[in-house]
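# sequence first, then the predicted structure:
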Amino acid sequence: MLALHDLLELGGGILVADLLEFLQRHGELGILVLVRGLPVLLAADLLRAGWWGLGFGFRFLGRILHIAEGVLVLFLLPLWILLLPVLLFLVFLFVGSLLILVLLLVFLVLLLLLILFLLILLLFVLVLFLLRRRLLLLEQLLKVCAQLGPVGGLGVELFAEIDGLQGVADDGFLRVLLGGLEAFAVG
């Protein structure tokens, strides 16, 4: 009885929004009721607007758009209620995948830095190895040159014996080559 009294209070001008408010107040707004009652609501809006008072032109278009807006709101409200958990799931999925992508990029950057560090370390070890080989080769070359040739630039060894009569340095290597014979021995 109370619901009928409230409906009569609205008078003849029942808009979709008014009917929606009325149904909400009395707990009659369910999704199935709303979907089944949608054509009734649209018809109520058209009757309230009254075909005779619509006229033609912009007022008519405005009234039709107002009715379509009310119907759109009625369609979107249950859809939004049904899709809200799905939308929240998609948002969490997007944020989670974005977080995983950022962590993957950080991991790849760290991996590239590790590879770069290992390559620089390998290059450093190779340079040290080559320098060691060159230094060993240079050391061996200096040992051989010291054994074969003179120490000074004059062709005289460090501990060469000088023959007093001839004034010639006695070279130990030359003596070995000549088989113990003297190079300047006179007859």
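Sure, I can see it.

# flag the shaky bits of this structure, pLDDT-wise.
Low-confidence segments of the chain, defined by pLDDT under 70: 1-76, 141, 144-187.

# care to break it down by domain?
Per the record, the chain has its domains at 2-148, 154-187, by automatic domain parsing.

# how close does residue 135 get to residue 118?
As judged by CB to CB, to the nearest Å, residue 135 and residue 118 stand 26 Å apart. For the C-beta atoms, the positions are set from N, CA and C on the backbone; glycine is no exception.

# over to residue 104?
21 Å.

# repeat that for residue 93.
Distance from residue 93 to residue 118, by CB to CB: 37 Å.

# and the helix or strand containing residue 95, what does it pack against?
Assessed by DSSP states H and E, residue 95 sits inside helix 58-148. Counting by 3 or more CB pairs under 8 Å, 6 or more residues apart in numbering; DSSP states H and E, the packing neighbours recorded for helix 58-148 are helix 16-25, helix 31-36, helix 38-49.

# residue 122 - how many residues pack around it?
For residue 122, the count of nearby residues is 10 (other CB atoms under 10 Å).

# could you pull up the contacting residues of it?
Taking CB atoms under 8 Å, 6 or more residues apart in numbering, we find residue 122 in contact with no residue.

# dump stretch 115-134 to CSV, restricted to CA.
Extracted in CSV, the C-alpha atoms of stretch 115-134 (Å, rounded to 0.1, in the frame of the first residue of the first chain):
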residue,chain,number,x,y,z
ILE,A,115,78.8,-10.6,-19.0
LEU,A,116,80.5,-7.2,-19.7
PHE,A,117,82.5,-7.6,-16.4
LEU,A,118,83.6,-11.1,-17.4
LEU,A,119,84.7,-10.0,-20.8
ILE,A,120,86.7,-7.1,-19.4
LEU,A,121,88.3,-9.6,-16.9
LEU,A,122,89.1,-12.0,-19.7
LEU,A,123,90.6,-9.3,-21.8
PHE,A,124,92.8,-8.2,-18.8
VAL,A,125,94.0,-11.8,-18.3
LEU,A,126,94.8,-12.1,-22.0
VAL,A,127,96.8,-8.9,-22.0
LEU,A,128,98.7,-10.0,-18.9
PHE,A,129,99.4,-13.4,-20.5
LEU,A,130,100.6,-11.8,-23.7
LEU,A,131,102.8,-9.3,-21.8
ARG,A,132,104.3,-12.1,-19.8
ARG,A,133,105.1,-14.0,-22.9
ARG,A,134,106.6,-10.9,-24.5
